[in-house]
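Sequence plus predicted model, see below.
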Amino acid sequence: MSKIVLSGVKPTGIPTLGNYLGALRNFVRLQKEMVDFEFFIFIADLHAITEPQDPKELKENIRNLAALYLACGLSPERLTLFVQSEVNEHAALGYVMQSICYMGELERMTQYKDKMQKQVQGVSSALFTYPALMAADILLYDAKYVPVGEDQKQHLELARDLAIRFNNRFGDTFVVPEGLISEKGARIMDLQNPLKKMSKSENDRGCIFLLEPLASVRKKIMSAVTDSGSEVRFDKANKPGIANLMTIHSVLSGLSFQEIEAKYAGQGYGTFKKDVAELVVKELEGIQERYNKIISSEELDRLFDEGRQRAQEAARKKLREVYGKLGLGRN
């Protein structure tokens, strides 16, 4: 059985507190729990260029994102870390996946449909076909498990369909991957509009970034929107702002909502917000300290070099097998 867990991350900016509490912490936990598995993590820079990118910023984001993932707790042991575009087999197998993928399958992808509704002109063809490249990313390494959120389930299903289709036509070639739906990560909402998910593309005052100055983090949490009452109580329908801050507190402190309610009974919002701010600042302070050590050391490039070599060896072997079954090339 394949013993690989694979995940790709687009380098389109600094991750938010929502990204960290909702997904990244779970990924670190999975690595600790799945001791028999090797983890492949790649920086998906080819996926980033489905939309216009500043070349200099993209290069910086590649390094920043990798350093942040390590700073958040991923262990270099059992980790293959690499940059997608440095392994040419991704693009090559992506084209093969396009050749067995149907237009209707790509047209049904909700992310593409959402983009088309928001931006009718200027949507690149790569945005339409990138689920085929995503399938290649996964199938290239015979990944057994792929951690996915709600927005990526559809793409994983396509990867599974394409693996089965290829296997049926050309013989057993690909491992059919399974989604790894870990315990539900916290859904962190915008601090200024708690009805919307925290997003780097929304209101900057409502979003906290992992590399943000700590004074700014405190200020944003202390000015987070709440309701007109004063009771710290988890009620998403009537008190969405407080419910959001309680979610952040719960994830970082380990306390249940009931325990938080009891702790702040009769104390009002001020003390509660201050404590949430201190919890977040303490967490980000540790991440930022580790990030600063990693980003300026030779360790990151060493991991990238070793990861590229490991990924290239596996990818070349798989692509050679695929080409042979398709009848491509002379060998």
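Thanks, I have the structure now. Source: prediction; values computed, not measured.

any weak-confidence spans in the stretch 201-331 of the chain?
201-203 (pLDDT under 70).

how about the helices of it, start to end?
214-222, 240-253, 257-263, 268-295, 299-326 (DSSP state H, counting those that start in this stretch).

Using PDB, write out the CA atom coordinates for the third one.
What it means is helix 257-263. Extracted in PDB, the C-alpha atoms of helix 257-263 (Å, rounded to 0.1, in the frame of the first residue of the first chain):
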ATOM      1  CA  PHE A 257     -17.300  26.900  24.900                       C
ATOM      2  CA  GLN A 258     -19.000  26.000  28.200                       C
ATOM      3  CA  GLU A 259     -15.700  26.400  30.100                       C
ATOM      4  CA  ILE A 260     -15.100  29.800  28.500                       C
ATOM      5  CA  GLU A 261     -18.600  31.000  29.300                       C
ATOM      6  CA  ALA A 262     -18.100  30.000  32.900                       C
ATOM      7  CA  LYS A 263     -14.700  31.700  33.100                       C
END
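
Buried ones in it, by neighbour count?
For helix 257-263, a neighbour-count test (16 or more other Cβ atoms under 10 Å) marks 257, 260 as buried. Quick note: C-beta positions are derived from backbone N, CA and C, even for glycine.

again with the first one
For helix 214-222, the buried set under the neighbour-count rule, 16+ other Cβ under 10 Å, comprises 217-218, 220-221.

can you check the last one too?
Applying a neighbour-count criterion of 16+ other Cβ under 10 Å, the buried positions in helix 299-326 are 300, 303-304, 307-308, 310-311, 314-315, 318-319, 322.

angle of it against helix 268-295?
Between the axes of helix 299-326 and helix 268-295, defined by axes from the mean of the first three to the mean of the last three Cα atoms, to 10 degrees, the angle is 80 degrees.

on that earlier part again, nearest to residue 190, of the buried residues of helix 214-222?
residue 220 (10.5 Å; Cβ to Cβ).

hang on, isn't that closest one packed against residue 198?
No: using Cβ atoms under 8 Å, residue 220 makes no contact with residue 198, being 10.7 Å away.

circling back: what would the buried residues of helix 299-326 look like in a markdown table with distance to residue 173?
What follows is the buried residues of helix 299-326, written out as a markdown table (distance: Cβ to Cβ, whole Å):
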| residue | distance to residue 173 |
| --- | --- |
| 300 | 34 |
| 303 | 30 |
| 304 | 29 |
| 307 | 24 |
| 308 | 24 |
| 310 | 21 |
| 311 | 18 |
| 314 | 14 |
| 315 | 14 |
| 318 | 8 |
| 319 | 11 |
| 322 | 6 |
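
From these, pick the one nearest residue 90.
Distances from residue 90 to these, taken by Cβ to Cβ, are shortest for residue 315, at 7.2 Å.

Helix, strand, or coil at residue 152?
Of the three states, residue 152 takes helix under DSSP: H, G, I helix; E, B strand; the rest coil.

again, but for the one 3 residues further on
Using three-state DSSP as the criterion, the local structure at residue 155 reads helix.

wait, residue 241 sits on residue 228?
No: the criterion here is Cβ under 8 Å, and residue 241 misses it with residue 228 at 10.6 Å.

Give me the more crowded residue out of those two.
Counted by other Cβ atoms under 10 Å, residue 241 and residue 228 do not tie: residue 241 has more neighbours, with 19 against 5.
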